[in-house]
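Student: Could you work out the structure for the sequence below:
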Amino acid sequence: RDMGVKVPTFNQYVLPTKNIHELATHIRNYLNVDFETQKSWLIKDNGNKSYDHSNFLNQWKEICFDLGILVFELENVPESEVSGCSLYYDVCPIILLNGKNTPNRRIFTLMHELVHLTQGTSAICDVDKHNRKEIFCNKVASEVLIPHDTIDKKELFYKNGNLNLSKSSNMYGVSKQTMVYKLNSLNIISDDLKDEYISQLEEKNMFDKIKKEERNNDKDYYPM
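Tutor: Sure, this is the predicted structure:
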C-alpha cells in the first residue's frame, strides 16, 4: 500500500462447496487460464522446452501473485517433513512450498493449497495424507490442472494402444503419476493398468534419485 499498489482481497474468490467439479471450475475461472495457454507454457521465453515443467510452475506462481497471494518457497526443509502449507487471510493469504520438491510436485502442492484458500481455510499438508479434507483437495487440484473436458483420448495413446505419458503430462505440465491417477479416476485406464504404470514410474524415480545422490556425493568429494 505504501508503494501505491492496490492489494486485492482474496475473500471474493472463497467458495465453501464440497462439490469437486464446481470448486475446480470456480478456481479455473478466476485463474483465467485457458487450456491452449496452459499448453503453451511447455515453451519458455528462450524457445526451449521445459520438460521439468519449471516454466509451468513460474507461470502459476505469477498468476497467484496477481490474485494477491504471497507464494514462498521453504529452504532446507526435508521433503519428508512437509510439501506445503497455506495461511488464509482476506488480504495477502500465504502459500508455502517446499523448495526441495521437484517443479511438478510444487505445482500440485500450489494448487492443493489454493483449494484450501478458496475454501477460506488454512492447512499444513502431508501431516495426514489420509485425511478426507486432504483427499478432497487433491481431487480438486487434479481437476484444476487437468480439466476433464479438455482430455482428448485420441491424443493420449500411441497407435498401438499404449498410453503416451510423456505427451499427455507435458500438455498439462503435471507429473506422469498425476496424469495416470487422473485418467484412472475418469475410467480411461483400468486399475490394473494404473498400478502397472505407477509401479514402473516409482521404480524409475527411485533409480533417478539414487543416481542424483551419487552425483551430489561426487561433487562433495575433494581429494587431498
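
Student: Looking at the residue nearest the centre of the chain now. What's its pLDDT?
Tutor: The centre of the chain sits closest to F108, judged by CA atoms, centre = their mean, with a distance of 1.7 Å. The confidence metric pLDDT takes the value 96 at F108.

Student: Equivalent analysis for D128, please.
Tutor: As predicted, D128 sits at a pLDDT of 58.

Student: what's the single longest helix in this protein?
Tutor: Across the chain, the helix with the greatest residue count (assigned by DSSP state H) is helix 191-220.

Student: List the buried residues of it.
Tutor: By neighbour count on 16 or more other CB atoms under 10 Å, the buried set for helix 191-220 is 194, 197, 201. Where you see a C-beta, it was placed from the backbone N, CA and C, and this is true even at glycine.

Student: quick one: the second one and M179 touch, right?
Tutor: Going back to what we said before, that points to Y197. No. Here Y197 lies out of contact with M179, judged by CB atoms under 8 Å, at a distance of 9.0 Å.

Student: ok, back up a step: same for the longest helix of the chain, what does it pack against?
Tutor: Secondary-structure packing of helix 191-220 (3 or more CB pairs under 8 Å, 6 or more residues apart in numbering; DSSP states H and E): helix 176-185.

Student: Low-confidence stretches in this structure?
Tutor: Flagging of the chain using pLDDT under 70 yields the residue ranges 126-130, 212-213, 216-224.

Student: Please enumerate the helices of it.
Tutor: 20-31, 35-40, 54-66, 103-118, 132-145, 153-156, 165-172, 176-185, 191-220.

Student: Return the distance of the fifth one from the chain's centre.
Tutor: Right, the one you point to is helix 132-145. With CA atoms, centre = their mean, to the nearest Å as the basis, helix 132-145 stands 10 Å off its chain's centre.

Student: hmm, back to that, roughly how far does the residue nearest to the centre of the chain sit from K182?
Tutor: Separation of F108 from K182 (CB to CB, to the nearest Å) stands at 11 Å.

Student: what touches both of those two?
Tutor: 142, 174 (CB atoms under 8 Å, 6 or more residues apart in numbering).

Student: Give me the nearest residue to E22, chain neighbours excluded.
Tutor: Nearest non-adjacent residue to E22, counting by CB to CB, 6 or more residues apart in numbering: L15, 7.7 Å away.

Student: Test my guess that the one you found contacts T118.
Tutor: Yes. Assessed by CB under 8 Å, L15 is found in contact with T118 at 5.9 Å.
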